[in-house]
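**Q** Predicted structure and sequence below. I'll ask about it afterward.
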Amino acid sequence: MIKSVGLLTRKEGLSHEDFVKHWFEVHAPLAHAVPGVRRYVQSHIVEERTRPDIPTTDVEIDGIAELWYDDRVAMERANASPEAKRLHADGHIKSYVVEEKVIISAGGE
């Protein structure tokens, strides 16, 4: 499996609450329609944890999206689809392809 992680920021003039509503009610069904997506998870930002020894950043992130595919070929095929083009056009997303290394798992893996 291969995974894409997207950092989402809301469009200008949209409140965080309106972003979350749109992301869940409009954007999620668009992701569901993309062929080849094996798993899709939305992580809604509820607060930023801060520490006195680490400065805050100016980057505003409203959510994190994770999409899993069988492999890179399946991901490329999915991203070339009209459904993926509609999904990508719906939001401001900075995406990364990542290789997951599970360190702790509740299932003991």
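**A** Alright, I've got the coordinates.

**Q** For the rest of this, base every contact and every neighbour count on C-alpha atoms.
**A** Noted.

**Q** so Lys85 makes contact with Asn79?
**A** Yes. If you go by CA atoms under 8 Å, Lys85 and Asn79 touch, sitting 7.0 Å apart.

**Q** Stretch 66-75: how far from the chain's middle?
**A** Distance of stretch 66-75 from the chain centroid (CA atoms, centre = their mean, to the nearest Å) equals 13 Å.

**Q** got it, and stretch 91-98?
**A** 7 Å.

**Q** Sketch out the low-pLDDT regions of this structure for me.
**A** Low-confidence segments of the chain, defined by pLDDT under 70: 108-109.

**Q** Grab the most central residue of it for me.
**A** A centroid search over the chain (CA atoms, centre = their mean) returns Ala65, at 1.4 Å, as the residue closest to the centre.

**Q** Give the helix, strand or coil label for that residue.
**A** Three-state assignment for Ala65 (DSSP: H, G, I helix; E, B strand; the rest coil): strand.

**Q** what does Leu14 give?
**A** Here Leu14 is coil, with the state taken from three-state DSSP.

**Q** Same question for the one 3 residues further on.
**A** Classification of Glu17 into helix, strand or coil gives helix, according to three-state DSSP.

**Q** coming back round to it: more neighbours, Lys85 and Asn79?
**A** Comparing Lys85 with Asn79 by other CA atoms under 10 Å, the one with more neighbours is Asn79, at 18 against 14.

**Q** buried set for the host helix or strand of Ala28?
**A** Assigned by DSSP states H and E, Ala28 falls within helix 28-32. Neighbour counts using 16 or more other CA atoms under 10 Å place Ala28, Leu30, Ala31, His32 of helix 28-32 among the buried residues.

**Q** Would you check how far apart the first one and Ala78 are?
**A** With distances taken as CA to CA, to the nearest Å, Ala28 is found 15 Å from Ala78.
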